[in-house]
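Peer 1: Got a sequence here, can you model it:
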Amino acid sequence: MKAIYEEIAKLSDKFRTMAYGLTSDENEVNESVQELMLYLLQMNKETLKAIYTKDGIDGVTRYGAVALRRALTSPRSNYYYKYKKYYTHIDSLTSAVTYNEMETGETIPSKHLYNLPNEITDDYQWTSLEQIDKALESFSWYDTKVFQLYYHENNTLDSLAKKTGISRNSLFTTIDKVRVQLKNKLNE
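Peer 2: Modelled structure (predicted):
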């Protein structure tokens, strides 16, 4: 197997040339070839040995070419999930400008991490929690306490039933009733 792997390692430039036929992005080429090499190293040894025995290094090259094309064109490939989907998401977050200039004068492509927008930190979560706490003041002390024990202390229904001695079904009914009433109050 070591001899087969050494032959495959020599195919790196050939696979890179094939990848340039499918995309012009150098990062995509390098990442897809790297992913192909990893795929060939991790594939079933008997299958790889059978391909090599039958057609030699040309058979492995043809097999690699098919796997490379599939990696660069199929949205169900490992390459797509590891690289392309991630960078597409980053690119959608960046501005429409293709290149940005840093303070150093260096030109950075839009898919660079420097182009991620500044994180917007709003208090949506905290204002929602404050609204919930304010709305809970209008409920009975029992409903409020059960709801707070369940959500604020992250109890499960079973653990809360053991702690309080109240049946699980009764707790579920109370929590569900409060949840529905809270939704109605907050949506008004």
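
Peer 1: Show me what counts as buried in the helix ranked longest in the chain.
Peer 2: Scanning the chain for the helix with the most residues, using DSSP state H, yields helix 45-73. Of the residues in helix 45-73, 48, 51-52, 57, 60-61, 63-65, 67-69, 71-72 count as buried by neighbour count, 16 or more other CB atoms under 10 Å. Placement of C-beta: from N, CA and C, glycine included.

Peer 1: So which elements touch that helix?
Peer 2: Judged by 3 or more CB pairs under 8 Å, 6 or more residues apart in numbering; DSSP states H and E, the packing partners of helix 45-73 are helix 2-10, helix 12-20, helix 26-42, helix 78-79.

Peer 1: tell me the mean pLDDT for that helix?
Peer 2: Averaging pLDDT along helix 45-73 gives 86.

Peer 1: between it and helix 26-42, how many degrees?
Peer 2: Counting by axes from the mean of the first three to the mean of the last three CA atoms, to 10 degrees, helix 45-73 lies at 160 degrees to helix 26-42.

Peer 1: List the residue ranges of the protein that fall below the pLDDT cut-off.
Peer 2: The chain contains residues with pLDDT under 70 at 81, 83-127.

Peer 1: Break it down into its structural domains.
Peer 2: The record's domain split for the chain, according to automatic domain parsing, is 2-91, 124-186.

Peer 1: contacting residues around the nearest residue to V29 once chain neighbours are set aside?
Peer 2: Closest residue to V29 apart from its sequence neighbours, by CB to CB, 6 or more residues apart in numbering: A19 at 4.3 Å. Applying CB atoms under 8 Å, 6 or more residues apart in numbering to A19 gives the contacts 28-29, 32-33, 68, 72.

Peer 1: for those, which one is nearest L136?
Peer 2: E28 (52.6 Å; CB to CB).

Peer 1: if I look at that closest one, how far off is I166?
Peer 2: Plainly put, E28 is 59 Å away from I166 if you go by CB to CB, to the nearest Å.

Peer 1: more neighbours, these two?
Peer 2: Shown here are E28 and I166; by other CB atoms under 10 Å, E28 has more neighbours (19 against 14).

Peer 1: Help me confirm that the more buried one comes into contact with L72.
Peer 2: Yes - contact criterion CB atoms under 8 Å: E28 and L72 qualify, at 7.0 Å.

Peer 1: quick revisit: let me know the closest of the buried residues of helix 45-73 to F172.
Peer 2: Looking across these and measuring by CB to CB, the closest to F172 is A71, at 48.5 Å.

Peer 1: Grab the nearest non-local neighbour of the closest one.
Peer 2: Y79 (3.8 Å).
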